[in-house]
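Colleague: Everything below, folded, please.
(2 chains)
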Amino acid sequence: MTAAGDRAGAVDPRDDKLLSTQGIRGALDGLATRIRGGDLGAAPVIIGLAVIWAVFQALNPVFLSSENLVNLTMQCAAIGTITLGVVLVLLLGEIDLSVGSVSGLAAAVLAVTFVQFQWNLVLALVAATVAGFLVGLLYGFLYTRFGVPSFVITLAGLLGFLGLQLWVLGDNGTINLPIDSWIVQFAQQMFLPPWLSYVGAVLTAGAYAWVRIRHARRRSAANLVSQSYREIALRSTVLVVFLLAAAWYLNLWRGVGVMFLFFLALVVIMNFALTRTRWGRAVYAVGGSVEAARRAGIRVDRIYLSVFALCSTLAAVGGILAASRLSAVSQSSGAGDTNLNAIAAAVIGGASLFGGRGSAFSAVLGIVVIQSISSGLTLLNLDSSVRFMITGVVLVLAVIVDSISRRTRAASGRA
Amino acid sequence: MSMTHPRVGRARERVLTVRGIGKRFGAVRALTDVDFWVNEGEVVALVGDNGAGKSTLVKVLAGVHSPDAGVIEFDGESVHIDTPADAQELGIATVFQDLALCDNLDVVANLWLGQELVSGSTLDEVDMEERTWTLLRELSAKIPSVRVPVASLSGGQRQTVAIARSLIGDPRIIILDEPTAALGVAQTAEVLNLIERLRERGHGVILISHNMADVMAVADRVVVLRLGRNNGVYNVADITSETLIAAITGAVDFPIGRRMPEPRAAESPADSAVGGAEIIRMPSARRSRGREDDA
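Modeller: Numbers count the residues shown, from 1 in each chain, chains lettered A, B, ... in the order given. Okay, the predicted model is just below:
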């Protein structure tokens, strides 16, 4: 118990009304209490993922091969980026049903400007991203100005921007992106050399430990309950072992994709914005109670506007990644199951449909589950009809888990 | 109640004075010519039956409604409170009955919501948590942990969090709207203790309550409203709840209109010069005397 001596300052441990968690044991106990109280966190997703992987591995031994897992990470990146945006909107208790269409629109803008108009690639990428941003601003404006439910606005957007995508693409049904352009290379061919992936894994865990230790020092200096160094060491060790093992396994084939890292970087940045900035705090507050947030002086309209804009921008970025990975843009880009997969992934990952709950990492967990199912079913040579049905069932299960845990939380006072 | 000593007397600076406030909603006269004042370190209970105009008066002070007539003076200067932000800037904090807490956020986050401390551009959680503990300890508040979502707190604890939050901007006046409604006995005692702490810290407290026991237990002065008009101002030390209830229900339509007790008038010449003239008047007597004062 390294920090035990400093603890008494803030919390008197003798007062049995006060909760305090001490050390690793306490952390585990706290976790168990939280789960019993309906605050499930990531537990159901991780268990679900383990079950899914075990089942598919039993049905087809190729599933957990490093080749398939490398592909899986690359498939996750594009839709995962879209999911990240959906998580944001869900945090507000709103929804964006049009992310698929917006991603398709962005892909179409990219293809037309880059291939047909021969624009500079960077310019074309900016144009595509800005298209998404503008769509989000429009949603935010309609929502805050007229109070139209986001469900309706984005349902209209789903149709409207699909139409716009078709109009932008014009007569030519499919536009191929040149294979040698760097955006396609980035999405298809760029992998970290093995040594760099190991260095990256160690550096990431090191950065994590450093942030934690600095935080713990400041807290114990202020006489607050802080994480013990032992717990930090344990967490960092687990993290570095996990990252190294994952990197090693992926390196058995092509390695860690740069596009996947890009997605992870977006998630980490978004997590930082949500948990460490006033903007992020305001997002959670609005999701928890709009009226409370308004009375606390938060400019609620700006929060809505920024979140809708960010969501559509991320959808556009996801559309660009998806198009680059296929090196083609067609009328069906962003159509089909893109939309539903992105939303389902956000919900499965733990972003509550009722707002105010979830984290940026929900996007990673959720998209890995969704893509695992889709990849496993593809390996089994099952028809897309079956795939749709199973994805639908998983989505309903996730929402049921969300609703039940919400009820349990209400019963045990954890809202 | 036995703990009357700290309440009577002691010269306190006048913070807020309201004169002749009137407010109409269409054909309804919610407030007519209401006078009201609060000193530092004083708990003023605002009582009255439903529809007496308590909430309207509070909303006027909180900047939710602007009055049709009358003057509001803050620290002796005439002010206009047109928006909730104006009220906050002046130093009038209001804890409404629904508390307006975000259930999904923890105690620290709720306390600092909208006025988070930042270092650089990131939230300074350590500083916020430290100050939260300091504040809660000053209020002798029992909160199990400042890192649990407020949804898991009891009614009294939630009320405590809401009151503590109103203290963040260091307001001069705190308005509590029915803080003990829907609370159990122990929790009510907790909140009443908290109100005593607020008085000790020198805040002026306006307490709206239907519960005469609470009013008698904690208030220094009681202002009775009836049908949108003043119906007497009483010193808690020298009335009974029966008198109060009589005034509230209108059984005493011509209220005793007792002056403030003598110690108050004698306590300081400065105070009686400023406030002496406006101390409790009978509604009927107000007209004539009020004119002289204002002139």
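
Colleague: Dihedrals phi and psi, the spatially closest residue to residue B:154 that is not a sequence neighbour?
Modeller: Distances taken as CB to CB, 6 or more residues apart in numbering or on different chains put residue B:187 closest to residue B:154, at 6.3 Å, once the chain neighbours are dropped. Any C-beta I mention is one placed from the backbone N, CA and C, and that applies to glycine too. In this entry, residue B:187 is assigned phi and psi values of phi -70, psi -40 (degrees, to the nearest 10).

Colleague: check contacts around residue B:187.
Modeller: Contact analysis of residue B:187 by CB atoms under 8 Å, 6 or more residues apart in numbering or on different chains lists B:154-157, B:159, B:180.

Colleague: cool, residue A:173 as well?
Modeller: The contact partners of residue A:173, taken as CB under 8 Å, 6+ apart, are A:330-331.

Colleague: per-residue confidence at it?
Modeller: Residue-level confidence at residue A:173 comes out at 80, pLDDT.

Colleague: got it, and the one 10 residues further on?
Modeller: Confidence at residue A:183, expressed as pLDDT, is 91.

Colleague: in a strand, that's where residue B:147 is, yeah?
Modeller: No. Assignment of residue B:147 by DSSP: H, G, I helix; E, B strand; the rest coil gives coil, placing it outside any strand.

Colleague: Please give the number of neighbouring residues around the nearest residue to it once chain neighbours are set aside.
Modeller: Distance criterion CB to CB, 6+ apart; nearest residue to residue B:147, sequence neighbours excluded, is residue B:106 at 5.0 Å. Other residues near residue B:106 number 19, with proximity taken as other CB atoms under 10 Å in any protein chain shown.

Colleague: So residue B:106 versus chain A, what's the distance?
Modeller: When distance is defined by CB to the nearest CB, to the nearest Å, residue B:106 is 10 Å away from chain A.

Colleague: Torsion angles phi and psi at that residue?
Modeller: The phi/psi pair for residue B:106 (degrees, to the nearest 10) is phi -80, psi 180.

Colleague: give the contact list for it.
Modeller: Listed by CB under 8 Å, 6+ apart, the contact partners of residue B:106 are B:146-150.

Colleague: Among these, which one is most surrounded by other residues?
Modeller: residue B:150 (25 neighbours).

Colleague: How much space separates that residue from residue B:104?
Modeller: When CB to CB, to the nearest Å is applied, the distance between residue B:150 and residue B:104 equals 9 Å.

Colleague: got it, and residue B:130?
Modeller: Between residue B:130 and residue B:104 the distance, using CB to CB, works out to 23 Å.

Colleague: And the strands in chain A?
Modeller: Listed in chain order, the strands of chain A (DSSP state E) span residues A:174-176, A:328-330.

Colleague: buried residues in the first one?
Modeller: It refers to strand A:174-176. Neighbour-count burial for strand A:174-176 flags residue A:175 (criterion: 16 or more other CB atoms under 10 Å in any protein chain shown).

Colleague: Show me what that strand is packed up against.
Modeller: Contact partners of strand A:174-176 among helices and strands, from 3 or more CB pairs under 8 Å, 6 or more residues apart in numbering or on different chains; DSSP states H and E: strand A:328-330.

Colleague: One more: the last one?
Modeller: Counting contacts by 3+ CB pairs under 8 Å, 6+ apart, the secondary-structure elements packed against strand A:328-330 are helix A:99-111, strand A:174-176.

Colleague: for these, which one ends up most surrounded?
Modeller: Taking mean count of other CB atoms under 10 Å in any protein chain shown as the contact definition, the stretch among the helices and strands packed on strand A:328-330 with the greatest mean neighbour count is helix A:99-111, which reaches a mean of 31.

Colleague: how distant is that helix from the center of its chain?
Modeller: For helix A:99-111, the distance between its averaged C-alpha position and the chain's averaged C-alpha position is 19 Å (CA atoms, centre = their mean, to the nearest Å).

Colleague: Repeat that for stretch A:261-277.
Modeller: The gap between the average C-alpha position of stretch A:261-277 and the chain average comes to 9 Å, counting by CA atoms, centre = their mean.

Colleague: Write out the residues of chain B neighbouring chain A.
Modeller: Taking CB under 8 Å from any CB of the partner chain as the contact definition, chain B meets chain A at B:84-85, B:88, B:96, B:98, B:100-105, B:109, B:113-116, B:118, B:121-123, B:126-127, B:129-130, B:133, B:142, B:144-145, B:148-153.

Colleague: Tell me which residue lies farthest from the centre of chain B.
Modeller: Computed with CA atoms, centre = their mean, the maximum C-alpha offset from the centroid of chain B is found at residue B:120, amounting to 36.6 Å.

Colleague: separation between it and residue B:73?
Modeller: 41 Å.

Colleague: Also residue A:136?
Modeller: Here the distance between residue A:136 and residue B:73 works out to 48 Å (CB to CB).

Colleague: next one: residue A:110
Modeller: Residue A:110 sits at a distance of 64 Å from residue B:73 (criterion: CB to CB).

Colleague: Now residue B:109: which helix or strand?
Modeller: helix B:107-111 (DSSP states H and E).

Colleague: Show the average pLDDT along stretch A:286-305.
Modeller: In the prediction, stretch A:286-305 has an average pLDDT of 90.

Colleague: Next, the residue in the stretch 51-200 of chain B that chain A sits nearest to: secondary structure please.
Modeller: When distances are taken as CB to the nearest CB, the stretch 51-200 of chain B reaches nearest to chain A at residue B:151, 2.8 Å away. Taking three-state DSSP as the rule, one finds residue B:151 in the helix state.

Colleague: In contact with residue B:155, which residues?
Modeller: Residues in contact with residue B:155 (CB under 8 Å, 6+ apart) are B:182-184, B:187.

Colleague: Dihedrals phi and psi, the residue nearest to residue B:178 when sequence neighbours are not counted?
Modeller: Taking CB to CB, 6+ apart as the measure, residue B:178 lies nearest to residue B:97, with 4.8 Å between them; neighbours along the chain are not counted. In this entry, residue B:97 is assigned phi and psi values of phi -60, psi -40 (degrees, to the nearest 10).

Colleague: Next up, the contacts around residue B:97.
Modeller: The contact partners of residue B:97, by CB under 8 Å, 6+ apart, come to B:177-178, B:181.

Colleague: So what's the residue count around residue 196?
Modeller: Reading this off chain A. The burial count assigned to residue A:196 is 13, neighbours taken as other CB under 10 Å.

Colleague: Wait, chain B was what I had in mind.
Modeller: A total of 18 residues lie near residue B:196 under the criterion other CB under 10 Å.

Colleague: before we move on, what about residue B:66?
Modeller: By the other CB under 10 Å criterion, the neighbourhood of residue B:66 contains 14 residues.

Colleague: What does it show for phi and psi?
Modeller: The main-chain torsion angles of residue B:66 are listed as degrees, to the nearest 10 and equal phi -100, psi 140.

Colleague: Find me the pLDDT at it, would you?
Modeller: If you check residue B:66, the pLDDT there is 86.

Colleague: domains in chain B, as residue ranges please.
Modeller: Structural domains of chain B, as assigned by automatic domain parsing, span the residue ranges B:1-91+B:171-295, B:96-170.

Colleague: Can you flag the weakest of these by average pLDDT?
Modeller: Going by mean pLDDT, the lowest-scoring of these is domain B:1-91+B:171-295, which has a mean of 76.

Colleague: Now for chain A, the helix or strand with the poorest mean pLDDT.
Modeller: Taking all helices and strands of chain A together, the one with the lowest average confidence (mean pLDDT, DSSP states H and E) is helix A:4-7, at a mean of 36.

Colleague: got the CA coordinates for stretch A:108-120 in PDB?
Modeller: The C-alpha trace of stretch A:108-120 is given here as PDB (Å, rounded to 0.1, in the frame of the first residue of the first chain):
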ATOM      1  CA  ALA A 108     -18.000  10.600 -54.300                       C
ATOM      2  CA  VAL A 109     -16.700  14.100 -53.800                       C
ATOM      3  CA  LEU A 110     -13.200  12.700 -53.400                       C
ATOM      4  CA  ALA A 111     -13.400  10.600 -56.500                       C
ATOM      5  CA  VAL A 112     -14.900  13.300 -58.700                       C
ATOM      6  CA  THR A 113     -12.500  16.000 -57.700                       C
ATOM      7  CA  PHE A 114      -9.400  13.900 -57.600                       C
ATOM      8  CA  VAL A 115     -10.000  11.700 -60.700                       C
ATOM      9  CA  GLN A 116     -12.300  13.700 -62.900                       C
ATOM     10  CA  PHE A 117     -11.200  17.200 -62.100                       C
ATOM     11  CA  GLN A 118      -7.600  16.200 -61.500                       C
ATOM     12  CA  TRP A 119      -7.400  18.200 -58.400                       C
ATOM     13  CA  ASN A 120      -4.400  17.900 -56.100                       C
END
